[in-house]
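Enquirer: Sequence unavailable; structure follows:
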């Protein structure tokens, strides 16, 4: 019995990745695609300027794209994936939830709302039950679950392993982010060739707050933010896919470089179709992980780490994840699988 | 009365920048060029595969290149610029000093030696008098003065401004370094296109030690290292010129973002031909400085800063300098001007 | 007595280059800047997101930007430079001409109109007198002069030299064009990093027709197109500035590689401020000219050629020019200088 | 019954691709790896700096690398793949052939020798029997078969289709070649970022001669070169993989754009494991094929074409192939499969 899914914002960069991942998915079946008004009524092939470096799935190509509104989506759709500009998501997602749809959203709106769960299933699957609170408060039959920002997802699995074993106090993180994180037209070539941009609007704040919510504790009623101090510095560089991050993690307990690596390598996966066998892969070579060589670790759903060095107050290391796979489309699908397993569909 | 100068390693990437800067220099006159054995006897035009994006200076082009040995350089050369691989520099530079030549060197060998001054004239010009100690100990008529590594130079002027006003305790720095820092053939295109490399051999250590020597105090006998804690994480990115750095500076005294920027902007220059009028330029736009747009600030000899944010323990900001100008060739020339002014030639 | 000039579309990529070139111009003085409605009323500093890698000229920065309409430009402006999207240019330029303004335009609209002169002053300055016909037909006090497309300008000076000496019959040209040719946001980084695009909409047609008009003959009444056959294949590559082109030129008369190079090198300049001393620079090295190293030949207003080889029917060679300097902003300014010299202002 | 194969030059860029393709090969089994003297005795993992963006095959990683000499390779190896620098190949390959080994070589040495077959199996499989002549003349038990240069392979399948249907007379080709074609360290990042190089030493000649041999006729005794005239212009651009080429093909018979595309699409494959189902894929979109999006067409073994336009004398079009797959490693393996099928092992 497959789950019938819809994709809001199916023609964008993340939307295309969602299609690519959903087409061969063992449990999900694409039943509805939506896009902006100008695309409604066209086939997906016509509406999407397909830019994934693999052919467009032939059956999906002929699906007629609908408008992004609850009434344009069949009632028997079980699960909605949303990858909309945050301004649109802010307006449309609650309409879907009110109409009874369960939404797994990659859009940035509402991630820090008190009654909206923000999850990376391998890190804080238990937070999903905040949906009970959400339904109570909002009177929804549906539900809204968020995954974090791509730059946050890249570092949090490694931070969680350190926090559990050594108790995190302070985190400093500097990112080298790929252009695909800004969408297909987000960064012009004139801006980035032979260049780097030391600022991504709102990104530092997302990393600083979302990470504390993800590592926070949920007591059945609310999520208490982790009290660690996080400071981020975000940079865009001329790389297509894969966010690389330099992290300084200060810990309350002593930690060696070896112990930090071991704690990460020991993280066990979770029993969901898209969760990789090895969540965090440790590289021994000091110059790894690298975006082009290592972004597809575990099919793009793994996190790669390396470059461990002890510091006065903890440890520094590098981490890398594929920003549109593990960091966006794959993150939403994984959350969708979690919703299914927990009986929210 | 111009100073007659020689350039060791004149055909390399930094060597070519040296030529470009020395040719129009108001006080220095190129009198000797050296390179490896295979180039000796050729004209500079033949020996150098000129790769600067401006024509080769016509008079320099016809100079005959000599071997890199004291006997191949005329006695009346007053000042030697050295930009050699560190293995070669380690062996050859002392020979020149012993033969009576005064050497301003960009090579990394010996920078942390106790009797070798390491200077950025605008930061610690007084350290140059360590030459007296050096001459005593080594019995040289000549002298050896070093400039720091390009990634160190980029951040130290800003750090010095903060230290003077607010007392630095801890520094975390993440670098986004251009490929020219590795020399013309140092980074292959296969390594870096659509990629980033989170490690540059030895670079972290250079930044962590050189910065403490530069901000250290010289009492006439020795340089005491600054006791701040410095941790660096160095990355190579697909940018041609200009090192961009994200810095977290923790200070003993309270500091606001505005105060930090003002302290840097207020740094006064030094009266040397190659020192810029405004050493540190503060950008208001949060997405500046950027390598391609801002690396030529003050003719490539300035430092650009921006992105100030207060943190729990101090301030974070970004800094940028042109790595082969301010960070290498220009740094050596500036040191040469300092040697001249202080009467060491 | 300086010429008072206005710039239409002053905030775009070519507009910014126009400002950069006009600010220090010996004869032109910036008197009016226009942009879209949303920018009208702002200072140029506010309206333009300045992206040239040199600071914004301070006096220009404070000029108030007006709307792009004749009534928003002072009457005493002598010359208008237009760098508008072709759709806008098509509508607005005739309004300015009708209102009595003389317009030197880089916009692509109307270039092949029978009564619109299309000139590269060093190639076909005499065509400018087609303005007499234009004024007769359209009843304008003003006038409209066009410069060709950037990819056309790159090859035509070299072709003209060959045609004059050896009589061109067929031209095949393959281009490697920089992203700046599409404007600041024209090519997204996702489209072009680690990629090339073998098509630029309308560009092949522009090269094929404009080149024949430029090399055509003007008899005082009309321009007869050159009867050579031109076939172009246009590619976008990940380069910032500088269009590189591979040309096969078949000639009626025999030509050797040396003769072809000599014919180009012998082209004399024209007595206008922005025309370079040496219009065409011949490189001996087979791997030159290269965009990054050679696009600034003669201050960006020269054409660089190399790679000459004889073929069965003529000669093949490579040519390069800076697309936003010689190919756009500089081309318009040069045409403005021509208009001034010929007494059309 | 699998074929035991050896790889000469197994640590280079093409060598690594060979390993990647041979590891899962249905008929070939890796039995010997060789590299330079300095690598002999190490495991492949130690000797190769593995740079493919997929993990090193675990069983291959532990194979001990031998010297590149016949005596270092087991006698029961049936087939040798050679990907050596041409200077080394020129010396070593004949030694292997003399020692009885059958060699499928990607090295450029000897490709135009009269008794050395040069094949693309889908184009001129029959030429392989030139081995009989070769064995007669050289007295070898082994044999030497070559595949063409990567830039030649990219265009020849399409040219063959045109030639068969419309009789080729003249070919002009301009290439946009990826950096991987020069090997891992062949093009430095300083040379190619924000740049293009309009010359690749010897490449034009290879394309001009090899294509005529491939389309030549073999009568059992010798290969007669095709009498078409080929002129190439080769460029290196900042792309990692995938050679894109603009071709003008003049034909004796009339041809429309549609007919040209149809002739290419109709080319049937050949019954060998590595030959793709669809040899030539025709793209309708005028801006395709593009290197990053389309180089993996048919698993990297297909050729992609598009951009057809009629010209006065024939047709112009673009073609693309993955240079280290279809253009090098895959080409050699395909030739190895041909040798096996024809009974030469």
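Expert: Okay, I see it. Worth saying up front: this structure is predicted, and the values here are computed from it rather than measured. Numbers count the residues shown, from 1 in each chain, chains lettered A, B, ... in the order given.

Enquirer: mind giving me the domain ranges of chain A?
Expert: Here the domain parsing of chain A from automatic domain parsing is A:3-149+A:328-341, A:150-322.

Enquirer: Setting aside sequence neighbours, what's the nearest residue to residue A:223?
Expert: residue A:216 (4.8 Å; C-beta to C-beta, 6 or more residues apart in numbering or on different chains). Every residue, glycine included, has its C-beta placed from N, CA and C.

Enquirer: mind listing what the one you found touches?
Expert: By C-beta atoms under 8 Å, 6 or more residues apart in numbering or on different chains, the contact set of residue A:216 is A:124, A:223, A:224, A:225, A:226.

Enquirer: now, which of those residues lie within helices?
Expert: residue A:124 (DSSP state H).

Enquirer: Take the contacts of residue A:216 and write them to a markdown table, including neighbour count and pLDDT.
Expert: As requested, these are exported to a markdown table (neighbours: other C-beta atoms under 10 Å in any protein chain shown; pLDDT from 0 to 100):
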| residue | neighbour count | pLDDT |
| --- | --- | --- |
| A:124 | 20 | 98 |
| A:223 | 23 | 98 |
| A:224 | 12 | 98 |
| A:225 | 16 | 98 |
| A:226 | 19 | 98 |
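
Enquirer: Among the contacts of residue A:216, which one sits closest to chain D?
Expert: Using C-beta to the nearest C-beta, residue A:124 comes nearest to chain D of the contacts of residue A:216, at 29.7 Å.

Enquirer: show me what contacts the closest one?
Expert: Applying C-beta under 8 Å, 6+ apart, the residues contacting residue A:124 are A:160, A:214, A:215, A:216, A:218.

Enquirer: Tell me the secondary structure at the first one.
Expert: Spelled out, that is residue A:160. At residue A:160 the chain is in helix, as set by DSSP: H, G, I helix; E, B strand; the rest coil.

Enquirer: nearest spatial neighbour of it, skipping sequence neighbours?
Expert: Leaving aside its chain neighbours, residue A:160 sits nearest to residue A:123 (4.9 Å; criterion: C-beta to C-beta, 6+ apart).

Enquirer: what does the second one give?
Expert: Of all residues not flanking residue A:214 in the chain, residue A:156 sits nearest, at 5.1 Å (C-beta to C-beta, 6+ apart).

Enquirer: How is the residue of the stretch 1-150 of chain A found nearest chain D assigned, secondary-structure-wise?
Expert: Closest residue of the stretch 1-150 of chain A to chain D, C-beta to the nearest C-beta: residue A:53 (5.2 Å). Taken by three-state DSSP, the conformation at residue A:53 corresponds to coil.

Enquirer: thought it was touching residue D:293?
Expert: Yes - between residue A:53 and residue D:293 there is a contact under C-beta atoms under 8 Å: 5.2 Å.

Enquirer: Name the residue in the two with the higher neighbour count.
Expert: Legend: neighbour count by other C-beta atoms under 10 Å in any protein chain shown for residue A:53 and residue D:293, higher for residue D:293 (23 against 14).

Enquirer: Tell me who's in contact with the more buried one.
Expert: Neighbouring residues of residue D:293 by C-beta under 8 Å, 6+ apart: A:51, A:53, C:195.

Enquirer: go with 6 Å
Expert: Counting by C-beta atoms under 6 Å, 6 or more residues apart in numbering or on different chains, residue D:293 touches residue A:53.

Enquirer: Just the pLDDT for it.
Expert: On pLDDT, residue D:293 comes in at 96.

Enquirer: Skipping its backbone neighbours, what lies nearest residue A:320 in space?
Expert: Once flanking residues are discounted, residue A:320 sits nearest to residue A:289: 4.1 Å by C-beta to C-beta, 6+ apart.

Enquirer: pretty sure residue A:235 is in a strand, no?
Expert: Yes - counting by three-state DSSP, residue A:235 is located in a strand.

Enquirer: and residue A:35, bridged to which residues?
Expert: Beta bridges link residue A:35 to residue A:67 when assigned by DSSP bridges.

Enquirer: For it, grab the count of nearby residues.
Expert: Count around residue A:35 with other C-beta under 10 Å applied: 23.

Enquirer: Show me where chain A has its strands.
Expert: Using DSSP state E, the strands of chain A run over A:3-8, A:28-35, A:66-67, A:79-82, A:102-105, A:143-146, A:168-177, A:217-218, A:223-224, A:229-236, A:243-251, A:280-282, A:303-310, A:314-321.

Enquirer: so what strands line up beside the fifth one?
Expert: It stands for strand A:102-105. Using DSSP bridges, the strands paired with strand A:102-105 are strand A:79-82 (parallel), strand A:143-146 (parallel).

Enquirer: Please tabulate the ones you listed in a markdown table and include mean neighbour count and mean pLDDT as additional columns.
Expert: Compiled in a markdown table, those are given as follows (neighbours: other C-beta under 10 Å; pLDDT from 0 to 100):
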| stretch | mean neighbour count | mean pLDDT |
| --- | --- | --- |
| strand A:79-82 | 26 | 98 |
| strand A:143-146 | 26 | 98 |
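
Enquirer: In TSV, list those strands along with distance to residue C:24.
Expert: Below are the strands paired with strand A:102-105 laid out as TSV (distance: least, C-beta to C-beta, whole Å):
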stretch	distance to residue C:24
strand A:79-82	53
strand A:143-146	54
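
Enquirer: Nearest to residue D:24 among those strands would be which one?
Expert: Comparing these against residue D:24 with C-beta to C-beta, the closest turns out to be strand A:79-82 (33.4 Å).

Enquirer: beta partners of the residue lying closest to residue A:176 once chain neighbours are set aside?
Expert: What sits nearest to residue A:176 in space, not counting adjacent residues and going by C-beta to C-beta, 6+ apart, is residue A:244, at 4.4 Å. For residue A:244, the beta-bridge partners are residue A:176, residue A:320 (DSSP bridges).

Enquirer: so residue A:30 touches residue A:21, yeah?
Expert: No - if you go by C-beta atoms under 6 Å, residue A:30 and residue A:21 don't touch, sitting 10.6 Å apart.

Enquirer: ok, back up a step: count of residues packed around the residue nearest to residue A:176?
Expert: By other C-beta under 10 Å, 30 other residues sit near residue A:244.

Enquirer: What's the per-residue pLDDT of it here?
Expert: Note on residue A:244: pLDDT of 98.

Enquirer: From chain C, how far out is it?
Expert: 16 Å (C-beta to the nearest C-beta, to the nearest Å).

Enquirer: just checking, the residue nearest to residue A:320 touches residue A:280?
Expert: No - applying C-beta under 6 Å as the test, residue A:289 and residue A:280 come out as separate, 10.7 Å apart.

Enquirer: Could you report the neighbour count for the nearest residue to residue A:10 once chain neighbours are set aside?
Expert: Residue nearest to residue A:10 in three dimensions, not counting chain neighbours: residue A:33, with 4.1 Å by C-beta to C-beta, 6+ apart. Residues lying near residue A:33 (other C-beta under 10 Å) number 27.

Enquirer: Next one, pLDDT for residue A:33 please.
Expert: pLDDT, residue A:33: 97.

Enquirer: Next: residue A:52.
Expert: The model reports residue A:52 with a pLDDT of 87.

Enquirer: neighbours of it, just the number please.
Expert: Look at residue A:52: counted by other C-beta under 10 Å, it has 15 neighbours.

Enquirer: likewise the one 10 residues further on?
Expert: Residues lying near residue A:62 (other C-beta under 10 Å) number 11.

Enquirer: buried sites along stretch A:42-57?
Expert: Residues of stretch A:42-57 classed as buried under the neighbour-count rule (16 or more other C-beta atoms under 10 Å in any protein chain shown) are A:44, A:47, A:48, A:50, A:51, A:56, A:57.
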